[in-house]
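K.L.:
kindly return the folded structure for what I paste below:
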Amino acid sequence: MHRIFLMVALTTAVVPACRHGAPGAPSDVDAGTGATAPPPPPAPRVMRGRAMFHDAYCGGAMPTPDRLSRLQRPASNVAFFVLAGTRNSSAEPVARFVTEPDGTFTLPELSPGTYCVVRQPLTADEETRLLALPPPAPRPPPKTGQTDVDEVCLQRLRLQCDATWTVGGRNFVPSLSLSGSTCPWNRPCTRYHGPLPPRAAPAPSLGPQ
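P.N.:
As a prediction, the model looks like this:
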């Protein structure tokens, strides 16, 4: 009789331990309320892309493939913001990002729609260097030539998007192809008067005769 009682007592002591788990074992049940803890929120989805500057070729003869490849360079450490719509406006940006030294960038995933990507506003000095504009100077004598800057054109240029993205779903891969250095004859918002610049534009092809 004593033997049977001992076996029953041991069995009863083991059952609660199996039900509640070993001390220190992880559990998703709240000990106070008995409710199951919610799963952790999913990590936010992101979009990854790359921004590149494309410099103009100002030579005459057809450049070699190696020379053409060197006209492309990463847009390093450049800040951008993203606006909903198709034009630059005063609306609050829906996203901001800064490119890495190799031109790559990451931003939160955008919902389907059309977006205007704009470079962060530049200072006057930065804009002059970017557009290769000549510094302001009094009009020189007629024989030396003069490059005029169209301020109205510059204002319109500042309102343009550097890129327009049309996001249709999760398969969209963002990219940015930006204008880099320009040639003397195709600088935006400028007009030259006087003798030809040191490097004039190549003569247009007349095609087959």
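
K.L.:
count of neighbours near residue 40?
P.N.:
Neighbour count of residue 40, defined by other Cβ atoms under 10 Å: 6. Quick note: C-beta positions are derived from backbone N, CA and C, even for glycine.

K.L.:
show me what contacts it?
P.N.:
If you count contacts by Cβ atoms under 8 Å, 6 or more residues apart in numbering, residue 40 has none.

K.L.:
next one: residue 117
P.N.:
Residue 117 touches 80-83, 161-165, 176, counting by Cβ under 8 Å, 6+ apart.

K.L.:
again, only using 6 Å
P.N.:
Shown in contact with residue 117 (Cβ atoms under 6 Å, 6 or more residues apart in numbering): 80, 82, 162-163.

K.L.:
so which of those comes closest to residue 181?
P.N.:
Ranked by distance to residue 181 (Cβ to Cβ), those are led by residue 162 at 15.8 Å.

K.L.:
doesn't residue 152 lie inside a helix?
P.N.:
Yes: Residue 152 forms part of a helix when assessed by DSSP: H, G, I helix; E, B strand; the rest coil.

K.L.:
that one - how many residues pack around it?
P.N.:
8.

K.L.:
partners of residue 116 in the sheet?
P.N.:
Beta-bridge partners for residue 116, by DSSP bridges, are residue 83, residue 164.

K.L.:
any idea how far it lies from residue 89?
P.N.:
Per Cβ to Cβ, to the nearest Å, residue 116 is found 8 Å from residue 89.

K.L.:
do the same with residue 151
P.N.:
Residue 151 is 21 Å from residue 89, by Cβ to Cβ.

K.L.:
check residue 76 too.
P.N.:
Distance from residue 76 to residue 89, by Cβ to Cβ: 27 Å.

K.L.:
returning to that earlier point: which one of residue 151 and residue 89 has more residues nearby?
P.N.:
The neighbour count for residue 151 versus residue 89, taken as other Cβ under 10 Å, is higher for residue 89 (12 against 9).
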